[in-house]
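Engineer: 3D, please:
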Amino acid sequence: MTFTKHTTETAPEESKELLKKVLDKFGFIPNQDKILAISPSIYKAYNQSFDLFLGKSSLGLLEGQVVIMTTSYENNSPYCMAVHSWGMKMTKVPKDVIESLRNGKPIADSRLETLRDFTRKLIINKGHIDEKTLSNFFEIGFTQENCIEIIGGIAAKTISNYVNIVAKTEVDEIMEQYKWSK
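Structural biologist: Numbers count the residues shown, from 1 in each chain. A predicted model of the protein is given here:
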């Protein structure tokens, strides 16, 4: 089954404004947004939660991107891995960090690796974190607030991961060079 890809003209009325904002921000509408627009309430919830996580959490942009890429890797979402590889490159994240995340390998920076490992374990253990992992997370300087924010980031990213997996969303042309498979 092919999922409908909406435009600013064909989308449900409640999704049109969000699509226009995305178009203004990027100069194009990514395939993911065209598909998410099918459900205005979920599209709005996704955008709000994702924007709040990346833009307002105490983690900051780089650490937020580590959470997003780790979530997309663990959920095996080729579309989201390509999109966020492209985004990380555009925001000048070091190449070794991007490559580690794309390959599910440890990151050389110990703080970022602790974050990646914590996020990964939250996902694969469905929230059941052992005391050692939690202690390591706090000992390196992360906070309880960070912990809650990571859970929110995982939740937001999982919406788009699952949508793109189910819809078999094609990578946008601008992101072709970042195609990915686990």
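
Engineer: May I have the longest helix along the chain exported as PDB, CA atoms only?
Structural biologist: The longest helix of the chain (DSSP state H) is helix 144-167. Taking Å, rounded to 0.1, in the frame of the first residue of the first chain, the C-alpha atoms of helix 144-167 are listed here in PDB:
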ATOM      1  CA  GLN A 144      16.900  13.700  36.500                       C
ATOM      2  CA  GLU A 145      15.500  16.400  34.100                       C
ATOM      3  CA  ASN A 146      17.700  15.100  31.300                       C
ATOM      4  CA  CYS A 147      16.400  11.600  32.000                       C
ATOM      5  CA  ILE A 148      12.800  12.700  31.600                       C
ATOM      6  CA  GLU A 149      13.700  14.700  28.500                       C
ATOM      7  CA  ILE A 150      15.400  11.700  26.900                       C
ATOM      8  CA  ILE A 151      12.200   9.700  27.500                       C
ATOM      9  CA  GLY A 152      10.200  12.500  25.800                       C
ATOM     10  CA  GLY A 153      12.700  12.600  22.900                       C
ATOM     11  CA  ILE A 154      12.400   8.800  22.400                       C
ATOM     12  CA  ALA A 155       8.600   9.100  22.400                       C
ATOM     13  CA  ALA A 156       8.600  11.900  19.800                       C
ATOM     14  CA  LYS A 157      11.100  10.200  17.500                       C
ATOM     15  CA  THR A 158       9.300   6.900  17.800                       C
ATOM     16  CA  ILE A 159       6.200   8.500  16.200                       C
ATOM     17  CA  SER A 160       8.100   9.400  13.100                       C
ATOM     18  CA  ASN A 161      10.200   6.200  13.100                       C
ATOM     19  CA  TYR A 162       7.100   4.000  13.100                       C
ATOM     20  CA  VAL A 163       5.200   6.200  10.600                       C
ATOM     21  CA  ASN A 164       8.200   6.000   8.200                       C
ATOM     22  CA  ILE A 165       8.700   2.300   8.700                       C
ATOM     23  CA  VAL A 166       5.000   1.500   8.100                       C
ATOM     24  CA  ALA A 167       4.700   3.900   5.200                       C
END
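
Engineer: Show me where the protein has its helices.
Structural biologist: 13-26, 31-36, 40-56, 61-74, 78-90, 95-103, 110-124, 131-139, 144-167.

Engineer: can you redo those as TSV with distance to residue 177?
Structural biologist: The C-beta positions use only the backbone N, C-alpha and C, and glycine is treated the same way. Shown next, in TSV, are the helices of the chain (distance: least, CB to CB, whole Å):
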stretch	distance to residue 177
helix 13-26	17
helix 31-36	16
helix 40-56	23
helix 61-74	16
helix 78-90	8
helix 95-103	12
helix 110-124	23
helix 131-139	34
helix 144-167	18
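
Engineer: tell me the contacts of residue 97?
Structural biologist: Counting by CB atoms under 8 Å, 6 or more residues apart in numbering, residue 97 touches 62, 66, 88, 107-109, 112.

Engineer: How about the residue most central in space within the chain: what's its closest non-neighbour residue?
Structural biologist: Nearest to the geometric centre of the chain sits residue 68, at 3.5 Å (CA atoms, centre = their mean). Once flanking residues are discounted, residue 68 sits nearest to residue 157: 5.0 Å by CB to CB, 6 or more residues apart in numbering.
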